[in-house]
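Asker: need a structure here:
(one chain, ligands or ions: 2)
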Amino acid sequence: MTLDAATPPRTHGTVRVVGTGLLGTSAALALSMRGVDVVLTDPSPTAVALARDLGAGRFAADGDDPALVLVACPPDVVADVVAGELERFPRAVVTDVASVKGGPLAALAARGADLSRYVGSHPMAGRERSGAVAARTDLFAGRPWVIAATSESGPAAVQAVRDLATDCGGVPVTMAAQSHDEAVALVSHAPQVAASLVAARLRDASEPAVGLAGQGLRDVTRIAGSDPVLWAQILAANAAPVADVLEALRGDLDEVITALRALADDPAAPGARVRLARAIADGGAGRDRIPGKHGSAPTLYTTVVVVVPDRPGALGRLLTDVGDAGVNLEDLRLEHSEGQAVALASIDVLPAAADPLTEALRARGWTVPR
Ligand SMILES: NC(=O)c1ccc[n+]([C@@H]2O[C@H](COP(=O)([O-])OP(=O)(O)OC[C@H]3O[C@@H](n4cnc5c(N)ncnc54)[C@H](O)[C@@H]3O)[C@@H](O)[C@H]2O)c1
Ligand SMILES: O=C(O)C(=O)C[C@]1(C(=O)O)C=C[C@@H](O)C=C1
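Answerer: Residues are numbered from 1 along each chain as shown. Ligands and ions are numbered 1, 2, ... in the order given. So this is what the prediction gives:
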């Protein structure tokens with residue numbers, strides 16, 4: 001499922017987005033692009049103004065009568081905010097996108113909230129950056145969007161949240177809150193800790209050592225740039241399942257260390273190389289199970305990679321040439337290592353623009369590898 005601005009939305013009525021950071025603004029952008037009426041609110045006036053200016057919707061106002069409320073605030077406060085929205089809008093369906101589902105559900109049940117109109121959800125899509133400025137219309141394209149319905153959820157409420165996920169480009173997947181929390185401990189929360197710990201080893205490393213960093217390290221550590229406060233909340237809210245996964249990982253690490261110590265003492269240590277090879281092979285087998293090409297989801301955009309000389313003004317010239325080619329740049333990433341003579345610019349454009357842009361840039365002397 002990808003986003004298609006031309007198809008009418010399944011969502012009817014106004015959607016109120018509470019919390020206009022990365023997730024809330026991305027959902028609001030996707031819904032607005034489909035023609036859904038979206039109203040925005042956030043305790044931070046800057047956050048909500050940014051979202052509005054990006055085209056995510058209009059400011060919430062007294063008299064709004066949303067059919068659906070999407071709560072996209074930090075996990076620590078999500079139960080309070082959902083409870084408040086259920087009370088304030090007694091006819092609306094309320095969902096949230098917090099990364100942990102069991103805690104908020106239990107808190108809402110404990111305070112007697114109307115669980116027939118609350119259906120927690122969780123799009124398995126995000127970025128290592130926060131805030132509306134990092135939002136992307138296609139953030140959810142092709143990604144699983146968990147619908148954590150309960151026996152108390154009203155069927156119409158469940159359908160409304162499924163439709164919302166679909167309108168945002170996501171693929172709805174029904175899963176109970178507890179199963180969800182155990183699954184994301186394995187596929188999201190423990191990997192975040194592992195990436196952060198690997199990257200933390202670099203903090204006090206020498207410049208020459210860090211300067212050698214290649215693509216492997218970049219791939220393993222991308223999410224180490226995530227928001228520490230958000231992640232402290234996520235990990236604390238899913239503590240036991242994450243600890244279970246990390247304990248198993250510690251066992252695997254201990255086995256690898258034992259094999260390496262044995263080889264350090266005796267390069268012919270029996271069985272040690274087999275253990276190392278098995279660790280790498282098991283990793284390959286696990287990685288092969290990640291759905292999608294290299295685990296990535298289809299997006300709206302095609303990436304054109306351009307070699308950029310490490311000279312003052314080169315990137316500026318490239319951006320000017322992209323503009324002169326009449327192509328709208330959707331996103332830009334730059335990869336450059338200390339001491340390298342060139343950088344690689346990854347330019348995301350709409351698929352139809354990729355070939356014309358490649359031709360135009362080559363005609364202007366840029367190297368655009370196949
Ligand atoms: N970042 C990700 O990759 C990702 C992916 C899936 C789900 N989530 C979940 O989405 C939610 C939002 O994460 P994000 O990455 O968009 O964070 P963010 O920091 O980009 O945005 C959070 C927004 O919530 C607002 N906020 C704070 N307190 C609030 C309150 N009491 N009421 C309403 N809004 C409030 C903040 O001002 C901010 O604009 C979190 O619950 C997170 O677990 C995040
Ligand atoms: O891609 C990233 O940057 C993410 O970390 C996204 C990610 C994930 O682990 O896949 C992180 C937390 C969310 O709750 C959902 C998605």
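Asker: which stretches of the stretch 201-350 of the chain have low pLDDT?
Answerer: The model of the stretch 201-350 of the chain has pLDDT under 70 over residues 292-300, 337-340.
Asker: if we use 90, what do you get?
Answerer: 291-303, 305-307, 309-312, 327-345, 348-350 (pLDDT under 90).
Asker: would you agree residue 123 is in contact with residue 145?
Answerer: Yes: using Cβ atoms under 8 Å, residue 123 is in contact with residue 145, at 4.4 Å. From N, CA and C alone the C-beta is placed, and that goes for glycine too.
Asker: now for these two: what residues contact both?
Answerer: 165, 168, 170 (Cβ atoms under 8 Å, 6 or more residues apart in numbering).
Asker: count residues in the vicinity of the second one, would you?
Answerer: Read it as residue 168. Using other Cβ atoms under 10 Å, residue 168 is surrounded by 31 other residues.
Asker: swap in the one 3 residues further on?
Answerer: The number of residues packed around residue 171, counting by other Cβ under 10 Å, is 16.
Asker: OK, contacts around it?
Answerer: Contacts of residue 171 by Cβ under 8 Å, 6+ apart are 1, 142, 143, 144, 145, 165.
Asker: helix, strand or coil: sort out the nearest residue to residue 346 once chain neighbours are set aside for me.
Answerer: Take residue 346 and drop its neighbours on the chain: the residue closest to it by Cβ to Cβ, 6 or more residues apart in numbering is residue 333, 4.4 Å away. At residue 333 the chain is in strand, as set by DSSP: H, G, I helix; E, B strand; the rest coil.
Asker: so residue 333 makes contact with residue 345?
Answerer: Yes: between residue 333 and residue 345 there is a contact at 7.4 Å, judged by Cβ under 8 Å.
Asker: more crowded one of the two?
Answerer: Ranked by neighbour count (other Cβ under 10 Å), residue 333 and residue 345 place residue 345 first, with 23 against 11.
Asker: phi, psi for the closest residue to ligand 1 within the stretch 101-250 of the chain please.
Answerer: Closest residue of the stretch 101-250 of the chain to ligand 1, Cβ to the nearest ligand atom: residue 126 (1.7 Å). Torsion angles at residue 126 (phi, psi; degrees, to the nearest 10) stand at phi -180, psi -170.
Asker: ok, it - contacts?
Answerer: Contacts of residue 126 (Cβ under 8 Å, 6+ apart): 22, 23, 139.
Asker: out of those, which sit inside helices?
Answerer: 22, 23 (DSSP state H).
Asker: any chance of the contacts of residue 126 in CSV, plus pLDDT?
Answerer: Shown next, in CSV, are the contacts of residue 126 (pLDDT from 0 to 100):
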residue, pLDDT
22, 97
23, 98
139, 95
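Asker: neighbour-wise, which one of the contacts of residue 126 leads?
Answerer: Using other Cβ under 10 Å as the neighbour test, the contacts of residue 126 are led by residue 23, with 28 neighbours.
Asker: the protein against ligand 1: which residues are in contact?
Answerer: Contact residues, the chain versus ligand 1 (Cβ under 6 Å from any ligand atom): 18-24, 42-44, 47, 72-75, 77-78, 81, 97-99, 122-123, 126-127, 130-131, 230, 234.
Asker: wait, doesn't residue 145 sit right on residue 175?
Answerer: No: counting by Cβ under 8 Å, residue 145 does not reach residue 175; the two are 10.5 Å apart.
Asker: related to what we said a few turns ago, got the shared contacts of residue 123 and residue 145 as a markdown table, with pLDDT, secondary structure and distance to ligand 2 columns?
Answerer: What follows is the shared contacts of residue 123 and residue 145, written out as a markdown table (pLDDT from 0 to 100; DSSP: H, G, I helix; E, B strand; the rest coil; distance: Cβ to the nearest ligand atom, whole Å):
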| residue | pLDDT | secondary structure | distance to ligand 2 |
| --- | --- | --- | --- |
| 165 | 98 | helix | 14 |
| 168 | 97 | coil | 14 |
| 170 | 96 | coil | 11 |
